[in-house]
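Asker: Generate a structure from the sequence data that follows.
(2 chains)
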Amino acid sequence: AQSVSQHNHHVILSEAASLELGCNYSYGGTVNLFWYVQYPGQHLQLLLKYFSGDPLVKGIKGFEAEFIKSKFSFNLRKPSVQWSDTAEYFCAVNPYSSASKIIFGSGTRLSIRP
Amino acid sequence: GAGVSQSPSNKVTEKGKDVELRCDPISGHTALYWYRQSLGQGLEFLIYFQGNSAPDKSGLPSDRFSAERTGGSVSTLTIQRTQQEDSAVYLCASSRGLVSSYEQYFGPGTRLTVT
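Answerer: From the prediction side, this is the model:
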């Protein structure tokens, strides 16, 4: 079955630390890839997306993600986190063969110590 | 402009009762999605509406769940004979078209608690 794995359920970092959140998916075909973020008390919103082209994509607020096709991975990174990055982060996959569906991971809760 | 709105924001119901959850998408958005988010889990796709096409109901977990979208705008998700395992946050999202081409915008969700 198609699935998206986010192995880190809760990550705790200090401000200015570097961040990398893992995301792996199990689907052999062509996919679109997304990271969504949900800040406390706010709606889920798109952080960044990969459809094609440069596998290193940049999103809002200094986040970036790298698509590594051979590893079926789309890890999220930020060089220096801020307290305001405290949120829940969801990786998601949209298979080309199922244009209407997005399969979400279970999310990673990021807590930043001020 | 206004975003996606959902009502009620919270709903507590007794096991066995029926509930209706409402979603108002962004005006002009032809695509509408329902998801369920259970505690500690990711978002689970439930159903997808696109314009006048037949909805993709492949994610509905049982025949107790149904949804409709009237006039290509407002959508209602109905859960009949609710069970405790139905307790979750139900999220609605809308977009200009297929998620493969257009960004989804999410509503605030309805937190359903079945006692």
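Asker: switch to C-alpha atoms for all contacts and neighbour counts from now on
Answerer: OK.
Asker: Which residues of chain A lie near chain B?
Answerer: Proximity of chain A to chain B is confined to A:32, A:42-46, A:90, A:94, A:96, A:99-107 under the rule Cα under 8 Å from any Cα of the partner chain.
Asker: Show the buried residues in those residues.
Answerer: When burial is judged by neighbour count using 16 or more other Cα atoms under 10 Å in any protein chain shown, the buried members of those are A:32, A:43-46, A:90, A:94, A:100-107.
Asker: Flag the least confident of these.
Answerer: Between these, the one the model trusts least by pLDDT is A:Ser100, at 79.
Asker: so where do the strands sit in the chain?
Answerer: Unless you meant another one, I'm taking chain A. The residue ranges that make up the strands of chain A, judged by DSSP state E, are A:3-5, A:10-14, A:19-21, A:24-26, A:31-38, A:44-50, A:56-58, A:64-68, A:73-78, A:87-95, A:103-104, A:108-113.
Asker: Chain B is the one I meant
Answerer: All strands of chain B, identified by DSSP E, fall at B:5-7, B:10-13, B:19-24, B:31-37, B:43-50, B:65-69, B:75-79, B:88-95, B:105-106, B:110-114.
Asker: Is it possible to get JSON lines of the ones you listed that adds mean neighbour count, mean pLDDT and distance to A:Val11?
Answerer: Listed next are the strands of chain B as JSON lines, based on neighbours: other Cα atoms under 10 Å in any protein chain shown; pLDDT from 0 to 100; distance: least, Cα to Cα, whole Å:
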{"stretch": "strand B:5-7", "mean neighbour count": "21", "mean pLDDT": "97", "distance to A:Val11": "30"}
{"stretch": "strand B:10-13", "mean neighbour count": "15", "mean pLDDT": "97", "distance to A:Val11": "29"}
{"stretch": "strand B:19-24", "mean neighbour count": "21", "mean pLDDT": "98", "distance to A:Val11": "33"}
{"stretch": "strand B:31-37", "mean neighbour count": "25", "mean pLDDT": "95", "distance to A:Val11": "20"}
{"stretch": "strand B:43-50", "mean neighbour count": "23", "mean pLDDT": "92", "distance to A:Val11": "20"}
{"stretch": "strand B:65-69", "mean neighbour count": "19", "mean pLDDT": "96", "distance to A:Val11": "35"}
{"stretch": "strand B:75-79", "mean neighbour count": "20", "mean pLDDT": "98", "distance to A:Val11": "34"}
{"stretch": "strand B:88-95", "mean neighbour count": "25", "mean pLDDT": "96", "distance to A:Val11": "23"}
{"stretch": "strand B:105-106", "mean neighbour count": "24", "mean pLDDT": "94", "distance to A:Val11": "24"}
{"stretch": "strand B:110-114", "mean neighbour count": "20", "mean pLDDT": "97", "distance to A:Val11": "25"}
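Asker: Nearest the geometric middle of chain B, what residue?
Answerer: Central residue of chain B (Cα atoms, centre = their mean): B:Trp34, 3.1 Å from the mean position.
Asker: Can you give me the neighbour number for the closest residue to chain A within chain B?
Answerer: Using Cα to the nearest Cα, the closest approach of chain B to chain A is made by B:Gly42 at 3.5 Å. Here the number of neighbours of B:Gly42 (other Cα atoms under 10 Å in any protein chain shown) works out to 22.
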